[in-house]
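Asks: A structural model of the following input is requested.
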Amino acid sequence: DPMMSKTFNLGKQEHFNDQLNKTDLQFTFLVPTDQAWDQIKKDFATAYKVLFMGDFFYQVHHILERHLQVGAKLSINELVKASQEGKGFEVMRGSPLQVSTQEDNGEMVTTVSKDGIVARVVRANIECTNGYIHLIDKVVMKRRDVTLGGGGNVLPSIIAIITTWMVSSLLR
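Replies: Here you go, the predicted structure:
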């Protein structure tokens with residue numbers, strides 16, 4: 001499907017998509033459209049580059065896991081009902097997403113929300129052999145969700161602390 005080719009290509013990194021092909025495993029996947037990824041490219045260019053360059057598959061997995069539930073094949077109505085019951089849409093990584101339906105300019109619109117991010121469901125209930133895909137118009141992520149190892153900053157910090165301690169000892 002041309003609307004979800006970018007998510008599919010991201011899922012090729014380190015075989016993320018393979019779990020979706022296991023017919024004994026059910027899933028529900030809120031798939032960001034290509035336009036949603038284009039918006040990430042505009043809003044968070046560096047994060048987009050990190051995700052799509054292929055070297056940091058663990059970052060890609062973390063983002064995609066925020067859109068995926070493994071173990072249940074849930075229609076959009078079931079997701080809305082789970083949110084109404086207070087459970088939300090339990091995902092592999094992070095807190096549950098809230099799925100709701102409301103009227104907007106005379107039409108019923110289903111949205112997915114978390115941490116101030118609100119995505120519209122643009123196509124629901126795309127049924128697969130072992131799951132449902134629901135296309136959404138935003139990626140559920142913030143800029144801070146894509147980071148490159150903080151470990152590189154630890155050594156300079158330790159050196160700065162030791163240097164400060166030594167200088168202050170000499171000045172006493």
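Asks: all helices of the protein, in order?
Replies: Under the criterion DSSP state H, the chain contains helices at 5-11, 34-43, 45-53, 57-65, 76-84, 154-170.
Asks: Now mean neighbour count too, for those helices, in a markdown table please.
Replies: For the C-beta atoms, the positions are set from N, CA and C on the backbone; glycine is no exception. Listed next are the helices of the chain as a markdown table, based on neighbours: other Cβ atoms under 10 Å:
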| stretch | mean neighbour count |
| --- | --- |
| helix 5-11 | 19 |
| helix 34-43 | 16 |
| helix 45-53 | 16 |
| helix 57-65 | 18 |
| helix 76-84 | 18 |
| helix 154-170 | 9 |
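Asks: Let me know which of the ones you listed is the nearest to residue 125.
Replies: helix 76-84 (5.6 Å; Cβ to Cβ).
Asks: where does the protein dip in pLDDT?
Replies: The model of the chain has pLDDT under 70 over residues 148-169, 172.
Asks: on that earlier part again, go through the helices of the chain and name the closest to residue 143.
Replies: Short answer: helix 45-53, nearest of the helices of the chain by Cβ to Cβ, at 5.9 Å.
Asks: Let's have the helices of the chain in JSON lines, adding distance to residue 118.
Replies: Below are these laid out as JSON lines (distance: least, Cβ to Cβ, whole Å):
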{"stretch": "helix 5-11", "distance to residue 118": "19"}
{"stretch": "helix 34-43", "distance to residue 118": "12"}
{"stretch": "helix 45-53", "distance to residue 118": "19"}
{"stretch": "helix 57-65", "distance to residue 118": "17"}
{"stretch": "helix 76-84", "distance to residue 118": "13"}
{"stretch": "helix 154-170", "distance to residue 118": "37"}
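Asks: The ones you listed: which one's closest to residue 97?
Replies: Closest to residue 97 of the helices of the chain, according to Cβ to Cβ: helix 76-84, at 8.0 Å.
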